[in-house]
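A.B. asks: quick one, structure for this:
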Amino acid sequence: MKKLAIIVIGFVAIVFAGATFAYSHVFWLSTIENSDFNNVSENIYIDSNLEKNESEKILILLSESKERIRNKYGSFTAMPTIVITGTPDNAKKFGLGNFPGKAFNAPWKNYIVINHQKINVSLFAHELMHAQMREILGYWTYQTKIPTWFDEGIAMQVDLRDHYKVDYKLFSQQEINRVKTLNSPSEFWTSSKEENLKNYRSAKAAVQEILATYPAKELYSMLSKVRQGKEFSSVFSLKTKV
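C.D. replies: Take a look at the predicted model:
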């Protein structure tokens, strides 16, 4: 019995250590207010390695990205903690790695991390839209009821970067149906940059098709129905077409 207890304790310790390592960025994000990052606004932290005059530029881009969301969907009410990294080490520390931007969802808070070298209005708007979805749906519904292709497709509607320009009418129904099967992050993101780009473009097209029937400014009220317990597929009348 004693040996079994030691094995169980050892296993738990290994799992805990592994989880701590895998999610260390969430810890650092949750303690950002105690870091050397400059708090330039209520919930915006900018790498102290960046020049002071960069703060004003970043705030302007943030304002423009929020306005883009308002123009598309009607309002922006989320208040995520936004972290702008200025060095590769800090990008790694806060979970960004080589990505230009990421949104992280913790039960207590939503975080957005942006690589300063990659920052632009479209990137900002894309990540902020993830935060807005979480704001409307709540943590649990967002995590468990919203498929990844839809979450990314919604964010892509305010992402106007050239390589993401699409027209859903030019996509085959087979491709639209394919991307609608990518319900989880592990299905949507692959080790291939080309495949990931394809998935983003197709997700954007799939949501464009939906918004051709349901106006974008009705999105929030429809998401609220999902939060209240209605099935996602039923709210958006999702049926696989042939």
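A.B. asks: how is this protein carved up into domains?
C.D. replies: Using automatic domain parsing, the domains assigned to the chain come out as 1-136, 146-242.
A.B. asks: among these, show the one with the smallest mean pLDDT.
C.D. replies: Here those differ in mean pLDDT, and the lowest is domain 1-136 at a mean of 84.
A.B. asks: against residue 61, how distant is residue 70?
C.D. replies: 15 Å (Cβ to Cβ, to the nearest Å). The C-beta positions use only the backbone N, C-alpha and C, and glycine is treated the same way.
A.B. asks: then residue 123?
C.D. replies: 9 Å.
A.B. asks: same question, residue 181
C.D. replies: 35 Å.
A.B. asks: between these two, point out the one with more neighbours.
C.D. replies: Each of residue 181 and residue 61 has its neighbours counted (other Cβ atoms under 10 Å); residue 61 has more, 19 against 11.
A.B. asks: could you pull up the contacting residues of residue 81?
C.D. replies: Going by Cβ atoms under 8 Å, 6 or more residues apart in numbering, residue 81 touches 29, 32, 43-45, 109-112.
A.B. asks: so which of those residues are in helices?
C.D. replies: residue 29 (DSSP state H).
A.B. asks: let me have the contacts of residue 81 in JSON lines, adding neighbour count and distance to residue 165 as columns.
C.D. replies: Shown next, in JSON lines, are the contacts of residue 81 (neighbours: other Cβ atoms under 10 Å; distance: Cβ to Cβ, whole Å):
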{"residue": "29", "neighbour count": "22", "distance to residue 165": "32"}
{"residue": "32", "neighbour count": "17", "distance to residue 165": "34"}
{"residue": "43", "neighbour count": "16", "distance to residue 165": "31"}
{"residue": "44", "neighbour count": "19", "distance to residue 165": "29"}
{"residue": "45", "neighbour count": "23", "distance to residue 165": "32"}
{"residue": "109", "neighbour count": "16", "distance to residue 165": "33"}
{"residue": "110", "neighbour count": "23", "distance to residue 165": "28"}
{"residue": "111", "neighbour count": "25", "distance to residue 165": "29"}
{"residue": "112", "neighbour count": "24", "distance to residue 165": "23"}
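A.B. asks: quick check: residue 58 touching residue 84?
C.D. replies: Yes - between residue 58 and residue 84 there is a contact under Cβ atoms under 8 Å: 5.9 Å.
A.B. asks: shared neighbours of those two, anything?
C.D. replies: Common contacts of residue 58 and residue 84, defined by Cβ under 8 Å, 6+ apart, comprise 44, 46, 116, 119.
A.B. asks: among the contacts of residue 81, which one sits closest to residue 219?
C.D. replies: residue 110 (17.9 Å; Cβ to Cβ).
A.B. asks: what's near enough to touch that closest one?
C.D. replies: Residue 110 makes contact with 78, 80-81, 103-104, 130-131, 134-135 under the criterion Cβ under 8 Å, 6+ apart.
A.B. asks: which one of these is nearest residue 205?
C.D. replies: residue 130 (18.8 Å).
A.B. asks: one step back: in helices only, show me the contacts of residue 110.
C.D. replies: Counted as lying in helices by DSSP H, out of the contacts of residue 110, are 130-131, 134-135.
A.B. asks: so which of those residues is the closest to residue 225?
C.D. replies: Among the ones in helices among the contacts of residue 110, and counting by Cβ to Cβ, the member closest to residue 225 is residue 135, at 15.6 Å.
A.B. asks: hang on, isn't residue 124 packed against residue 114?
C.D. replies: Yes - between residue 124 and residue 114 there is a contact under Cβ under 8 Å: 6.8 Å.
A.B. asks: overlap in contacts of those two?
C.D. replies: Both residue 124 and residue 114 are contacted by residue 101, under the criterion Cβ under 8 Å, 6+ apart.
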